[in-house]
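1. predicted coordinates and the sequence they were generated for:
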Amino acid sequence: MSLAQNHDPRFENALRLRLRDLTPPSDPADRQTGHPPRFLILGGQPGAGKTISQDLAMASMPPYTASYDGDDNATYHPDFDLITERERQHGHAIASSELPDDFHSNCLDHLRAGDKQYDVIASHPLGRAEWADSWVDGFKQHGYNVSVAFIATHISNSHLGILHRYQKQRDREGYGRWMPPESHDEFYENIPNVADHLERSSSVDSIYILDRNGRVLHENHWGEDGNRTNPLAARETLVDERNRPPTQDEIRDFQEKVAYLRDDGLRVNGAPEELPSLVDEAERRHREHLATATPPPPHSAAARQPEQREYVSQSLDRSRAAEHRAAPPESPDTLPAETDTADGPTEAATSAQHSRDVAEKLRMADRSLNDRHHASPPPVGSASRTASTPPSPSTPTREDRQPD
């Protein structure tokens, strides 16, 4: 049922609040003339670590960029608190299913099809080719430059990741967003082929394969000659990164998450009955990975040490800087670079400051990555949503439903 067919005015108010919170603080009129709006979508199986890369990518984007997280929509359901209090495990999915059918599309159209076309970063598993095409084509038809980035990590890491994410949220807020393990496994199997499909698509301007910390393993762009700038290697790179031996830090991180999930003393809000058996399965997959992992080929990007890899935010910022350098003058009397006008700094001066800001954000992000998963949860509190409370940026995307 669409908003027009739903006669509950509370849903109209919910959409109004959602659009308000989605709208970036800056006007896209600040975008340089002649440059298209940009859309970046992060893909990867649930629990792969898309949120980290999404946060890092935002560091390179201008202030007229929206970060869209489809699963946040459910938290705007008028009865969200009541639903999740009654059904801790599946309440989030229930609230999402009760939203008007066009709630999601209204959010996207507000960002990409209105008078103001904002830059947008979103995330979704992209676990089926038709879903990926829906996202890509939905922005491409509105004139966007479209980039796709997939997070590559072994199935044991993401399997444990969805359990750890769910239980930490439930311990903290009283409910969690549950992801059926069978959906996770289906997407994991499909994603290498989806990545290859998108690397070949003329609608995808740029594609990236990232490690779990948001560093670039492979990138490819359409060049001015109509060909990709690099050989097609998205699928190969993704599989190489999945299958490489884990580092000692990664093994320690896995063990710490298992210990957290095994500690019944932390279960202030209970846990699903199937949690212990699902943790057992994640550990089985981890042991299998340790026994069968193969070092990536020497020529593979997965063979490079992490410190030799560029963050996706650095790559995006480099691409934007090159685009600015190639831009023609807007008029014969364009002011020289690095000067200010009475209306504020010029584009070149703003870009230079933006690059400095990105570098500082990257330094801060690098320091925080190691303890990202180990922070103590805050005190248990209410999960209520009020008009003045924005959605949590760490809530994952609508991963188990096809986008509208």
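-> Looks like it arrived, so ask away.
2. residue nearest the middle of the protein, spatially speaking?
-> Centroid-nearest residue in the chain, with C-alpha atoms, centre = their mean: residue 123, separated by 3.6 Å.
3. if I look at it, how far off is residue 16?
-> Computed as C-beta to C-beta, to the nearest Å, the residue 123 to residue 16 distance reads 24 Å. Where C-beta positions appear, they are placed from N, C-alpha and C, glycine not excepted.
4. could you do residue 77 as well?
-> Distance from residue 77 to residue 16, counting by C-beta to C-beta: 14 Å.
5. these two: which is more packed in?
-> Using other C-beta atoms under 10 Å, the more surrounded residue of residue 77 and residue 16 is residue 77, with 24 against 12.
6. how many other residues sit next to the nearest residue to the more buried one once chain neighbours are set aside?
-> Counting by C-beta to C-beta, 6 or more residues apart in numbering, the nearest residue to residue 77 once its immediate chain neighbours are dropped is residue 95, at 4.1 Å. Burial of residue 95 is recorded as 24 neighbouring residues (other C-beta under 10 Å).
7. do the same with the one 5 residues further on
-> Neighbour count for residue 100, taken as other C-beta under 10 Å: 19.
8. cool, the one 4 residues further on as well?
-> Residue neighbour count, defined by other C-beta under 10 Å, stands at 18 for residue 104.
9. check which helix or strand covers it.
-> Using DSSP states H and E, residue 104 sits within helix 103-112.
10. who are the packing partners of that helix?
-> For helix 103-112, the packing partners by 3 or more C-beta pairs under 8 Å, 6 or more residues apart in numbering; DSSP states H and E come out as helix 9-22, strand 65-68, helix 129-140.
11. how about the strands in the stretch 101-250 of the chain?
-> 119-123, 145-151, 206-210, 216-221 (DSSP state E, counting those that start in this stretch).
12. low pLDDT regions in the stretch 201-350 of the chain?
-> Applying pLDDT under 70 to the stretch 201-350 of the chain picks out residues 305-308, 320-350.
13. make it 80
-> 299-311, 313-350 (pLDDT under 80).
14. that older thread, highest mean neighbour count out of the strands of the stretch 101-250 of the chain?
-> Comparing those by mean neighbour count (mean count of other C-beta atoms under 10 Å), strand 206-210 ranks first with a mean of 28.
15. relative to that strand, what are the paired strands and their orientations?
-> strand 145-151 (parallel), strand 216-221 (antiparallel) (DSSP bridges).
16. could you dump those strands to JSON lines with distance to residue 157?
-> Listed next are the strands paired with strand 206-210 as JSON lines, based on distance: least, C-beta to C-beta, whole Å:
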{"stretch": "strand 145-151", "distance to residue 157": "10"}
{"stretch": "strand 216-221", "distance to residue 157": "15"}
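17. in which helix or strand does the residue nearest to residue 77 reside?
-> Residue 95 belongs to helix 91-97 when assigned by DSSP H and E.
18. please name every helix or strand in contact with that helix.
-> In terms of contacts (3+ C-beta pairs under 8 Å, 6+ apart), helix 91-97 is packed against helix 80-86.
19. average pLDDT for the helix it packs on?
-> The pLDDT scores in helix 80-86 average 96.
20. end to end, how far does stretch 174-184 reach?
-> 23 Å (C-alpha to C-alpha, to the nearest Å).
21. use 17 as the first number from now on
-> With the count now opening at 17, the last piece we talked about shows up as stretch 190-200.
22. in it, what counts as buried?
-> Across stretch 190-200, burial judged by 16 or more other C-beta atoms under 10 Å covers 190-195, 197, 199-200.
23. between these, which is nearest residue 247?
-> residue 200 (30.2 Å; C-beta to C-beta).
24. I'd like the distance from stretch 127-142 to the chain centre, please.
-> 12 Å (C-alpha atoms, centre = their mean, to the nearest Å).
25. from one end of it to the other, what's the distance?
-> Span of stretch 127-142 from end to end, C-alpha to C-alpha: 20 Å.
26. where exactly do the helices run in the stretch 167-316 of the chain?
-> In the stretch 167-316 of the chain, the helices defined using DSSP state H, counting those that start in this stretch lie at 171-189, 197-215, 250-259, 264-278, 291-308.
27. and the residue nearest to residue 93, how far from residue 193?
-> According to C-beta to C-beta, residue 111 stands 10 Å off from residue 193.
28. next: residue 120.
-> Counting by C-beta to C-beta - residue 120 and residue 193 are separated by 16 Å.
29. ditto for residue 43
-> Per C-beta to C-beta, residue 43 is found 33 Å from residue 193.
30. for residue 285, same thing?
-> 14 Å.
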